[in-house]
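J.: Whatever this is, show me its structure:
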Amino acid sequence: MNRRKHPRSKAWLTGATATLAVFSGEQSSHAVQPALPPRVSEQLAMSLSRFAFQHEGVLGTSFDLLVGAVRADDARVCEQQVLAEIERLRLVLSTYDPASEISRVRAGAAVASPELQSLLSAYGLWAQRSGGSINVNMAGVIRLWQAAREAPPAPDALESAFRQPLAYNVDALGKGFIIDRAVEVARRFAPTGLLNIGGDIRAWGEVAWQIGIANPFAPAENSPLLGHFILRNGAVATSGGYSRFVTLAGRRYSHIIDPRTLQPAGQISSASIVAEDCLTANALATAATVLGLDEGIRLAKMSGAWEHFLVDARGRIDSSIMPTAVATDSAPPPAADKKPATDAPAGPAAEAAWPTNFQVKIDLSLKAPPAGRAPRPYVAVWVEDSNKKLVRTITVWGSNFKWLRELNTWWEVAGSYTDGYTQSITRATRPPGKYAIVWDGLNDKREPVPQGEYRIVMEVNREHGRHATESVTIKCGPEAQSAELRATSESDAAKVEYGAKSP
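T.: Next up is the predicted model:
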């Protein structure tokens, strides 16, 4: 990081060692389960510090590791050992690597490793237990759906692909299997911690962690969560088609395919399952997405799931964590008696209110690291008005407070900022480096701003000094608008869209 002297901030960030979600200015979690007694956590906190590590491009998605350790060196060793175990298993199970063991097996070689044999056995077990809603022989079927451009694949082509021998695809359960094995390694080096790979989470040790549940209808990184719960010595996995999908003739199809029909699953928008281990949680979440509410919940209960949280395609929720329905809007509508910010420009323009249900969406794409994975850069995104005054800090990402000051431009602009408290978020797996961020037209006081021109600013800083700031001005009025943040050394060009929220 670049080093320079910085002005003193008016307010310190809190909880700065938690994951990406912690610095999200738009977060609005609601407790859905009472917190556990703090005695155990407080006792451990007296002797352990918390360290956070974040990477992109691990198993094709994001990686967040929180470690409780006495020394930073101990935490770093834990991180290195966890990454080494993940890489070892990737070379066995990756369906994207032609040199992996499973790729060789699909070409006719014999199964050699106990890890692949164990995972294939798990598929056999869950295929039987789930009534065929999980099946390992889906590689050809998935390829046909991924390659489709104008229309869905023909039924006879799908059936032929499904009947091909050794068409193994272990992605549905493979990530959970790898997370469980990586956590077993982590236990040797740290007494407590949490590993989140692409939204599938496993926690170990006697510490209570607050886990947020992403909203499938508003899945931006800083959108309000459906709720949160406490996780200790267990796992949670979420399955859903809202982050990965194919669009054909204007219709979106989930990447999750029902092996019984060879068609995309569409009954469930998001299925989160809490269980003892991540493979079980993964299997039950995937099966629930295919089976639907009633059968998915029945299977989860029969299979020893601790909790479930299912959202169907119409937004209805069935949950043992939070039984009440939750609105799917990404933010509550502003109160009618709220006034624009006091520093808004005077005159007729100030009287034009921000249109109801409008937002600014930024599709941020971090550049892929050259070596396949790299620490996630620190990022700040904020809004300024036409007078270059700060309107809203939309989101700030980072794992160590002292390095947040290396986001020099944001640090000097932001007079105060307080973060959320969710320590990790369970969500459907997203592609690596792909993040959506939204601004709902509220300022830092959570008051609605007037229509007008606003400057969206993004600052990115990575270890070893790569540092970039880009901005774009967009007119926020009664009509939809679009703009683009130019590419930087750390990010691709980012689309900025202003308009009504998607239904």
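J.: Can you name the secondary structure element that comes next after the lowest-mean-pLDDT helix or strand in the chain?
T.: Ranked by mean pLDDT, DSSP states H and E, the weakest helix or strand in the chain is helix 348-351, scoring a mean of 46. As assigned by DSSP states H and E, the chain's next helix or strand after helix 348-351 is strand 358-365.
J.: Show me what that following strand is packed against.
T.: Secondary-structure packing of strand 358-365 (3 or more CB pairs under 8 Å, 6 or more residues apart in numbering; DSSP states H and E): strand 378-384, strand 434-439, strand 452-461, strand 467-476, strand 494-500. Any C-beta I mention is one placed from the backbone N, CA and C, and that applies to glycine too.
J.: can you tell me how far Val496 sits from Arg486?
T.: Using CB to CB, to the nearest Å, one obtains 11 Å as the distance from Val496 to Arg486.
J.: between those two, what contacts are shared?
T.: Taking CB atoms under 8 Å, 6 or more residues apart in numbering as the contact rule, Val496 and Arg486 both touch Val472.
J.: Compare those two and say which is more crowded by neighbours.
T.: The residue with more neighbours, out of Val496 and Arg486, is Val496; 21 against 13, by other CB atoms under 10 Å.
J.: so what's the more buried one closest to, chain neighbours aside?
T.: Spatially, and ignoring its direct neighbours in sequence, Val496 is nearest to Ala483 (4.5 Å; CB to CB, 6 or more residues apart in numbering).
J.: buried sites along the helix or strand encompassing that neighbour?
T.: In the assignment (DSSP H and E), Ala483 maps to strand 481-485. Residues of strand 481-485 classed as buried: 483, 485 (neighbour count, 16 or more other CB atoms under 10 Å).
J.: Hmm, Ile297 and Ile268 touching each other?
T.: No - applying CB atoms under 8 Å, one finds Ile268 not in contact with Ile297, separated by 10.6 Å.
J.: my guess is Leu91 is in a helix, correct?
T.: Yes - residue state for Leu91 (DSSP: H, G, I helix; E, B strand; the rest coil) corresponds to a helix.
J.: ok now do it, which residues does it touch?
T.: Counting by CB under 8 Å, 6+ apart, Leu91 touches 97, 99-101.
J.: redo that, cut-off 7 Å
T.: 97, 100 (CB atoms under 7 Å, 6 or more residues apart in numbering).
J.: The one 10 residues further on now?
T.: Under the criterion of CB under 7 Å, 6+ apart, the contact list for Glu101 reads 92, 112-113, 116.
J.: Bridged to Ser49, which residues?
T.: Here Ser49 shows beta-bridge partners Ala69, assigned using DSSP bridges.
J.: Show the end-to-end separation of stretch 244-263, please.
T.: 15 Å (CA to CA, to the nearest Å).
J.: what's the distance between that stretch and the middle of its chain?
T.: In terms of CA atoms, centre = their mean, to the nearest Å, the centre of stretch 244-263 is set 21 Å apart from its chain centre.
J.: do stretch 221-239 as well
T.: Worked out by CA atoms, centre = their mean, stretch 221-239 lies 10 Å from the chain centre.
J.: buried residues in that stretch?
T.: Using 16+ other CB under 10 Å as the test for burial, stretch 221-239 gives 221-232, 234-239.
J.: Quick one: end-to-end distance for it.
T.: Taking CA to CA as the criterion, the two ends of stretch 221-239 lie 17 Å apart.
J.: and for Ile268 and Ile297, which residues touch both?
T.: Listed as contacting both Ile268 and Ile297 by CB under 7 Å, 6+ apart are Leu310.
J.: where does the stretch 301-450 of the chain have low pLDDT?
T.: For the stretch 301-450 of the chain, applying pLDDT under 70 flags the ranges 322-351, 369-374, 399-403, 415-423.
J.: how about the strands in it?
T.: All strands of the stretch 301-450 of the chain, identified by DSSP state E, counting those that start in this stretch, fall at 307-312, 317-319, 358-365, 374-375, 378-384, 390-397, 424-426, 434-439.
J.: Provide a list of residues in contact with Trp145.
T.: Contact analysis of Trp145 by CB under 7 Å, 6+ apart lists 153, 246, 253, 257.
J.: Can you flag which of those residues belong to helices?
T.: Judged by DSSP state H, helices contain none of those.
J.: still on that earlier bit, what angle sits between the strand holding Ala483 and strand 494-500?
T.: 160 degrees (axes from the mean of the first three to the mean of the last three CA atoms, to 10 degrees).
J.: partners of strand 481-485, with directions?
T.: Using DSSP bridges, strand 481-485 pairs in its sheet with strand 494-500 (antiparallel).
J.: Report the angle between the partner strand and strand 452-461.
T.: Angle of strand 494-500 versus strand 452-461, following the same axes, to 10 degrees, is 150 degrees.
J.: Show me the contact partners of strand 494-500.
T.: Contacts of strand 494-500 (CB under 7 Å, 6+ apart): 357-358, 360-365, 456, 458, 472, 474, 476, 480-485.
J.: quick one on the thing from earlier: next step: the buried residues of stretch 221-239 restricted to strands.
T.: 227-231, 235-239 (DSSP state E).
J.: Export those residues to a markdown table and append columns for distance to Lys175 and pLDDT.
T.: Formatted as a markdown table, these follow (distance: CB to CB, whole Å; pLDDT from 0 to 100):
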| residue | distance to Lys175 | pLDDT |
| --- | --- | --- |
| Gly227 | 24 | 84 |
| His228 | 22 | 84 |
| Phe229 | 21 | 90 |
| Ile230 | 23 | 91 |
| Leu231 | 17 | 94 |
| Ala235 | 11 | 97 |
| Val236 | 13 | 97 |
| Ala237 | 8 | 97 |
| Thr238 | 11 | 96 |
| Ser239 | 11 | 95 |
